[in-house]
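**Q** Below are the sequence and a predicted model; questions follow.
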Amino acid sequence: MKNIESSLKESRTYKPNPKFASNSNVTKKQLDDLHKNYQNDSEQFWKDLAINEIKWIKQFETCCSGVAPYYKWFEDGELNVTENCLDRFIGRSKNAIIHISETNDKNIITYDELFVLVNNFSWALQNLGLKKGDRVIIYMPTIPESIIAVLSCARLGLIHSVVFAGFSSESLANRINDCEAKAIITVDGFKRNGKLIQAKKTVDDALALGCKSVLKCIIFKHNGNRIAFNHSQDIWWDEILPNKDKIVCPEKMSSEDLLFILYTSGSTGKPKGIIHSTAGYLLNCIITNKWVFDLKEEDIFWCTADIGWITGHSYVIYGPLATGSTILIYDGAPTYPKPDRFWRIIQDNKVTIFYTAPTAIRTLMKLGENLPDNFNLESLRLLGTVGEPINPKAWVWYQTKIGNSACPIVDTWWQTETGANMIAPLPGVTETIPGTCTQALPGIDALIVDEKGNEINKANQGGYLVIRKPWPSMLRGIWGDKKRYQETYWSKFKNKYYVTGDTARKDKYGNIWIMGRADDVVNISGHRLGTMEIESAIVSHDFVAESAVVSYKHEIKGEAIHAFVTLKDGYSEVNKKELAEKLREWVKTKIGSIAKPDKISFSNALPKTRSGKIMRRLLRNIARGEAISSDTSTLENEDILKQLQNIL
Ligand code: WTA
């Protein structure tokens, strides 16, 4: 178990702001009641919420059924998520999306307009012959059309899988093939940091690797760059739209029908296609947007996540739209053209709720600690963070400089698998301490257990973070891989708990502090990456014999990657600096820029046990500049340690 973070230094408690509390969606009394209701009768608790929050086509009778690890929620109910996100808000002349482009164009779309756009595009997809249950890959930046694409799939019951548009052609091809997608929706290209990213070319390269299932590739003309056009497969978005607006009847979805697949890294080389259902997912999205983000009619909610990640699904698209809110999306880089871009957007658009990752906060803090002083950020009333632990220094800066010392901060812990926030403070109610995501939300039975699965109640003793009871938005499995689902999330404690893969501890107040991952997953800039995935990418290079990837603490990214590499015979003389650069580019083409190792070191061998297992723990110690923590007498090649320590 990792040591308690040095971040413990900051331990000031921040009391709820009384002004905020006087108008928050959930009061202290209501929160206590919610917890009590859940403890008294968890079924009734979820039943009431599901009846009140969701617009059903057919209301359910059964609440939760099944046994671990396969649960079903509201199984006999019927609904369509887009009816919840669109139909129920039309006729109110309310803004749904405010889109700011990197070049500062502003485009506002009302709920009425979004409804028309989604219906027309749904009609187009239907016309192409796509049917309920078909998989569709969306490979686009965060622009209104990608949201339209997502919602159109949901309207028809097509299972969407959004692939972050920074992933390489190989990563894209793997995902297309894993879910056997029938169609891909993409853009010609887009600009990031002023640079053209040729998305359609990446799709072409992916398809050239062999993706037999794909029948159609729909391209939205976004940037205007030239693309190669394959007439048997490619079609322009505009050309398939109806001549006159169409209304498409939302597909009746059973609660348990799949809404989407989202790939995330695990501890093997192959990403997992996490599957989410319709009603359960929607319910947790709605309630957490109301409870944790305190979303109200007049709010402008800016969650900076790309729609390629789960945060973009739950807190850009589904949650805020299902609560009838206005979202702001920005498809550019945070520092473009200058590091004050975020603050300018907040000021100019009167953003009220801002949700981002600690990495972004640290980057912007480093690039201009006092830049926010030049802007009027008074519209803000609530701040949030997600994706990785936030260090107290960044938390305090965020609170004072961005939040004007008045905004509550919600540090939200959750995962692709959990669908929505699980552990988080309620603004105006929960006392916060920088660095802790505080306590589980009502309905979430989170605990910390030891190796044997016994609950740890002692303060500050670390253990495995697990969830005991099922909750509606829990993952329903891994696409096409039951065995991996069971093994990854359930078998460690024999189906007794959902195993998050994180380690955590509770302080004396009962606040949960996330300590890190218990598996070979690293968290780079709030993005999950499997070290095995990066290792297999490096090893697939012709010069490389072996590689081991570990992470070390990084001031901005939280964690960064250090790859240890040994070369095949005959390559020992190559220029290592050049090769390191080549390998970095190699990883970029294999996975994507986010996986590029920060450091690469070459050695004759890697430290191994006598049975031939690479001792990653030792490499971790070396990469982190720590004392060697394990017994090295079991090492087959002890002198390799000195060599490794010397090259750093
Ligand atoms: C980490 C992102 C500390 C954690 C929503 C988790 C966090 C993984 C926090 C999930 C937080 C997420 N504090 N760590 N507030 N939120 N994590 O699937 O290790 O991309 O397991 O979902 O991010 O990453 P994912």
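**A** Cool, the structure landed.

**Q** Now do the helices in the stretch 451-600 of the chain.
**A** Taking DSSP state H, counting those that start in this stretch as the test, the helices found in the stretch 451-600 of the chain are 482-489, 531-539, 576-590.

**Q** so when I look at Ile345, I'm seeing a strand, right?
**A** No: Ile345 is assigned helix when assessed by DSSP: H, G, I helix; E, B strand; the rest coil, not a strand.

**Q** Contact distance from the ligand - what residues of the chain qualify?
**A** 264, 309-311, 386-389, 411-416, 437, 500-502, 514, 517, 523, 528 (C-beta under 6 Å from any ligand atom). Bear in mind the C-beta positions are built from the backbone N, C-alpha and C, glycine included.

**Q** Go through the residues you listed and flag which are in strands.
**A** Cross-referencing those against strands under DSSP state E gives Thr264, Val386, Asp411, Thr412, Thr500, Gly501, Asp502, Ile514, Arg517, Asn523, Arg528.

**Q** Could you find which two of those residues are furthest from each other?
**A** Using C-beta to C-beta, the pair of these lying farthest apart is Thr264 and Asp411, separated by 20.7 Å.

**Q** Show me what counts as buried in stretch 19-36.
**A** In terms of neighbour count (16 or more other C-beta atoms under 10 Å), stretch 19-36 has its buried residues at Phe20, Ala21, Ser24, Asn25, Val26, Leu31, Leu34, His35.

**Q** Residues contacting it, please?
**A** Residues outside stretch 19-36 that contact it (C-beta atoms under 8 Å, 6 or more residues apart in numbering) are 45, 290-291, 294-296, 381-382, 406-408, 426-430, 442-443.

**Q** which stretches of this structure have low pLDDT?
**A** Scanning the chain for pLDDT under 70 picks out 1-10, 647-648.

**Q** What's the local residue count around the residue of the stretch 451-600 of the chain found nearest the ligand?
**A** Proximity to the ligand, evaluated over the stretch 451-600 of the chain using C-beta to the nearest ligand atom, is greatest for Ile514 at 3.6 Å. Ile514: 22 surrounding residues under other C-beta atoms under 10 Å.

**Q** Is it in contact with Leu465, as I believe?
**A** Yes: with contacts counted by C-beta atoms under 8 Å, Ile514 reaches Leu465, the gap being 7.3 Å.

**Q** where along the stretch 101-250 of the chain do the strands fall?
**A** 106-110, 135-139, 159-162, 183-187, 190-192, 195-197, 216-220, 234-236 (DSSP state E, counting those that start in this stretch).

**Q** so Ala305 is in which element?
**A** Ala305 is part of no helix or strand when elements are defined by DSSP states H and E.

**Q** need the contact list for it.
**A** Thr311, Gly312, Tyr315, Val316, Tyr355, Thr356, Ala357, Val386.

**Q** which two in the residues you listed are spaced the farthest apart?
**A** Taking C-beta to C-beta, the two most distant members of the contacts of Ala305 are Val316 and Ala357; they sit 13.3 Å apart.

**Q** Of these two, which one has the most company?
**A** Between Val316 and Ala357, counting by other C-beta under 10 Å, Val316 is the more crowded of the two (27 against 23).

**Q** what sits against the closest residue to the more buried one other than its chain neighbours?
**A** Take Val316 and drop its neighbours on the chain: the residue closest to it by C-beta to C-beta, 6 or more residues apart in numbering is Cys303, 5.0 Å away. Applying C-beta under 8 Å, 6+ apart, we find Cys303 in contact with Thr311, Gly312, Tyr315, Val316, Pro320, Ile327, Tyr355, Thr356, Gly384.

**Q** Having no further points to raise, I will conclude here.
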